[in-house]
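Participant: kindly return the folded structure for what I paste below:
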Amino acid sequence: MAKFVPQQEMPLSDQVLVRREKLENLRAEGFDPFVQTKYEITSDARTVRENFDAMEGQTVRLAGRLMSKRGMGKVSFCDLQDNSGRIQLYVKFDEMEEASFNRFKKNDIGDIVGVSGDVFRTQRGEISVRVHEAVLLSKALLPLPEKFHGLTDRETRYRQRYVDLIVNPEVKDTFVKRSLILRELRHYLDSKGFLEVDTPILTPFEIGASARPFYTHHNTLDMDMVLRIETELYLKRLVVGGMDKVYEVGRIFRNEGMDPTHNPEFTSIELYQAYTDFRGMMDLVEEMMKTVAMNVCGTLQITYQGTGIDLSHWERMTMVEAVKKYSGVDFREIASDEEAIAAAREHHVELPEVPTKGAILAEFFDAFVEEKLIQPTFIYDYPVEISPLAKRKPDDPAFTERFEYFINATEFGNAFSELNDPIDQKERFERQVAERKALDPESRAQVDYDYVTALEYGLPPTGGLGFGVDRLVMLLTDSASIRDVLLFPTMKPTADN
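Facilitator: Coordinates of the predicted model:
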């Protein structure tokens with residue numbers, strides 16, 4: 001007698017051949033699983049488990065994927081996985097039509113089936129469904145990863161998220177939570193009177209911002225276009241037009257580096273409110289973060305990668321105060337760009353491309369401060385050199401009414417008292433574009449003069465905020481990498497794809 005070899009012990013190529021042979025045999029018998037177009041279900045695994053006392057003895061119809069099979073003779077036990085979870089199936093020869101039972105026994109792990117049967121509890125106490133009818137709804141021609149090892153290679157998990165979701169249920173939980181976070185963010189903003197809007201993803205030219213864009217070409221108009229790097233300028237045009245509170249949940253594209261907190265395309269929320277300022281945005285951020293965390297996690301005391309984070313308390317410091325606290329250098333005592341350059345060299349801080357006092361202050365912040373900001377912290381009063389869209393401080397025009405907030409040494413969002421002086425804005429845009437072209441003569445950055453025109457019609461005093469949704473999801477799901485919270489992160493193609 002030939003030795004029985006379980007499929008999981010066969011080479012992958014042999015397993016694929018066996019499955020394809022089974023498909024051809026089914027078709028020869030007149031049962032093609034791919035012609036099924038509909039299957040009526042009456043319940044799901046979670047409902048049966050959670051309501052067993054009320055449902056015991058009832059007939060239910062379930063559909064899902066076979067995740068395991070046990071038993072060889074006239075009784076089989078299988079685990080069925082549907083959208084809500086798993087439940088055991090009890091399949092017995094004398095409780096089904098013989099032909100149906102024999103076809104069911106030939107099903108492979110990974111196949112999608114529909115079953116009808118009675119809810120009961122086995123002698124071992126396992127809530128199960130005693131199957132009376134079964135139909136193969138879709139044949140899996142590739143085997144799932146071996147059940148004891150799962151899908152552990154991260155590159156494979158990201159490339160084949162569909163398999164990752166099947167064999168690692170906790171992954172699905174992360175994306176369910178992501179959806180909940182987005183819903184709570186929208187609910188919070190809607191409750192504050194904000195209106196959700198959509199603005200263009202394709203824009204006519206590259207603005208003078210620092211982020212590098214992706215380019216494409218519009219065939220009908222015969223013009224190059226840019227995938228947006230922000231939603232800010234369109235949203236503020238709407239505030240000019242009288243829409244006092246607006247926000248957009250938008251996909252953003254930046255042709256830049258990739259690391260655990262950066263992906264070339266990501267989701268942001270930008271919002272703008274007339275007749276408030278950056279301090280109003282600071283209060284909004286703190287309340288919004290507390291509300292969303294409490295509604296999603298049920299607590300403001302969370303753990304991220306082993307570090308306790310207290311979202312109930314938010315510290316507030318100016319950039320100058322923070323740099324003095326962590327580096328000992330007081331930029332209030334530095335009078336010129338030359339003195340700032342000397343301080344940078346003394347403290348081994350890298351000089352920026354344009355080494356002004358304000359830009360060097362920002363480099364000090366990066367070198368000495370950011371890694372220390374573990375608990376929620378607002379850093380405000382940013383230098384004007386690195387804040388081209390923020391309003392200057394009336395009492396100190398070298399700085400702007402801008403803040404960023406940090407958690408676990410990571411920047412989570414950016415906010416301004418929006419610049420509404422069209423003359424100042426035009427000058428800053430032109431200077432920014434000139435600096436870009438001086439550093440990169442091939443740069444196609446341009447001044448958005450239409451936005452300047454919009455400001456000339458009058459933008460009311462406005463507070464604005466932008467933050468990355470993906471980093472917030474990472475925080476609230478305790479995910480180490482942005483790829484863990486993106487269903488399909490950007491990946492380099494493999495040699496065979």
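Participant: show me the shaky parts of the stretch 51-200 of the chain.
Facilitator: Applying pLDDT under 70 to the stretch 51-200 of the chain picks out residues 72, 147-152.
Participant: now with 90, please.
Facilitator: 71-74, 94, 98-100, 102, 145-157, 168-170 (pLDDT under 90).
Participant: where do the strands sit along it?
Facilitator: 59-70, 75-82, 85-92, 112-121, 127-138, 195-196 (DSSP state E, counting those that start in this stretch).
Participant: possible to save these as JSON lines with mean neighbour count and distance to residue 180?
Facilitator: From N, CA and C alone the C-beta is placed, and that goes for glycine too. Formatted as JSON lines, these follow (neighbours: other Cβ atoms under 10 Å; distance: least, Cβ to Cβ, whole Å):
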{"stretch": "strand 59-70", "mean neighbour count": "18", "distance to residue 180": "23"}
{"stretch": "strand 75-82", "mean neighbour count": "19", "distance to residue 180": "20"}
{"stretch": "strand 85-92", "mean neighbour count": "20", "distance to residue 180": "17"}
{"stretch": "strand 112-121", "mean neighbour count": "19", "distance to residue 180": "27"}
{"stretch": "strand 127-138", "mean neighbour count": "19", "distance to residue 180": "27"}
{"stretch": "strand 195-196", "mean neighbour count": "14", "distance to residue 180": "17"}
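Participant: okay if I get those as TSV plus distance to residue 403?
Facilitator: Below are those laid out as TSV (distance: least, Cβ to Cβ, whole Å):
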stretch	distance to residue 403
strand 59-70	48
strand 75-82	46
strand 85-92	43
strand 112-121	51
strand 127-138	52
strand 195-196	24
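Participant: compare the ones you listed and give me the one nearest residue 261.
Facilitator: strand 195-196 (25.6 Å; Cβ to Cβ).
Participant: rounded mean pLDDT for stretch 435-451, please.
Facilitator: Across stretch 435-451, pLDDT averages out at 88.
Participant: pull out the buried residues from it.
Facilitator: 435-436, 445-448, 451 (16 or more other Cβ atoms under 10 Å).
Participant: between these, which is nearest residue 162?
Facilitator: Of these, the one sitting nearest to residue 162 (Cβ to Cβ) turns out to be residue 445, at 39.5 Å.
Participant: ok, the closest residue to residue 109 other than its chain neighbours - contacts?
Facilitator: Spatial nearest neighbour of residue 109, excluding adjacent residues (Cβ to Cβ, 6 or more residues apart in numbering): residue 66 at 5.6 Å. Listed by Cβ atoms under 8 Å, 6 or more residues apart in numbering, the contact set of residue 66 reads 78-81, 107-113.
Participant: what is the nearest of those to residue 298?
Facilitator: Once Cβ to Cβ is applied, the member of the contacts of residue 66 that ends up nearest residue 298 is residue 81, at 26.6 Å.
Participant: the closest one reaches residue 68, doesn't it?
Facilitator: No: if you go by Cβ atoms under 8 Å, residue 81 and residue 68 don't touch, sitting 9.3 Å apart.
Participant: for the residue nearest to residue 89 when sequence neighbours are not counted, give its distance to residue 123.
Facilitator: Distances taken as Cβ to Cβ, 6+ apart place residue 78 nearest to residue 89, at 4.3 Å, with adjacent residues excluded. For residue 78, the distance to residue 123 equals 17 Å [Cβ to Cβ, to the nearest Å].
Participant: if we can go back for a sec, which members of the buried residues of stretch 435-451 are positioned in helices?
Facilitator: Using DSSP state H, the subset of the buried residues of stretch 435-451 located in helices is 435-436, 451.
Participant: what's the closest of those residues to residue 369?
Facilitator: Nearest to residue 369 among these, with distances taken as Cβ to Cβ, is residue 435, at 24.8 Å.
Participant: contact partners for the closest one?
Facilitator: 353-354.
Participant: what's the neighbour count on the closest residue to residue 392 other than its chain neighbours?
Facilitator: Excluding the flanking residues, the one nearest residue 392 by Cβ to Cβ, 6+ apart is residue 400, at 5.6 Å. By other Cβ atoms under 10 Å, 26 other residues sit near residue 400.
Participant: show me the contacts for residue 400.
Facilitator: For residue 400, counting by Cβ under 8 Å, 6+ apart, the contacting residues are 381-384, 387, 390-393, 416-417.
Participant: buried ones in the strand or helix carrying residue 24?
Facilitator: Residue 24 belongs to helix 12-28 when assigned by DSSP states H and E. For helix 12-28, the neighbour count (16+ other Cβ under 10 Å) marks 15, 19, 22-23, 26 as buried.
Participant: of the contacts of residue 66, closest to residue 225?
Facilitator: Distances from residue 225 to those, taken by Cβ to Cβ, are shortest for residue 112, at 41.8 Å.
Participant: which residue, other than its chain neighbours, is closest to that closest one?
Facilitator: residue 138 (4.1 Å).
Participant: re the thing from before, in a markdown table: the buried residues of stretch 435-451, plus distance to residue 367.
Facilitator: Shown next, in a markdown table, are the buried residues of stretch 435-451 (distance: Cβ to Cβ, whole Å):
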| residue | distance to residue 367 |
| --- | --- |
| 435 | 22 |
| 436 | 24 |
| 445 | 28 |
| 446 | 33 |
| 447 | 32 |
| 448 | 32 |
| 451 | 34 |
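Participant: return the member of the residues you listed nearest to residue 73.
Facilitator: residue 445 (73.1 Å).
Participant: surely the closest one meets residue 436?
Facilitator: Yes: if you go by Cβ under 8 Å, residue 445 and residue 436 touch, sitting 4.6 Å apart.
Participant: residue 197 against residue 241, yeah?
Facilitator: No: counting by Cβ under 8 Å, residue 197 stays clear of residue 241, with 10.9 Å between them.
Participant: the more surrounded of these two?
Facilitator: residue 197 (15 against 12).
Participant: contacting residues for residue 46?
Facilitator: Residue 46 neighbours (Cβ under 8 Å, 6+ apart): 84-85.
Participant: measure it to residue 177 for me?
Facilitator: 17 Å.
Participant: repeat that for residue 337.
Facilitator: 47 Å.
Participant: how about the strands in the stretch 251-400 of the chain?
Facilitator: Going by DSSP E, counting those that start in this stretch, the stretch 251-400 of the chain shows strands at 265-274, 301-304, 307-310, 315-318, 377-383, 392-393, 396-407.
Participant: contacts made by stretch 215-234 with the rest, please.
Facilitator: Here stretch 215-234 makes contact (Cβ under 8 Å, 6+ apart) with 199-207, 209, 211, 213-214, 248, 250, 252-254, 268, 270, 389, 444, 448, 451, 464, 466.
Participant: end-to-end on it?
Facilitator: End-to-end span of stretch 215-234 (Cα to Cα, to the nearest Å): 19 Å.
Participant: how about it: buried residues?
Facilitator: 225-234.
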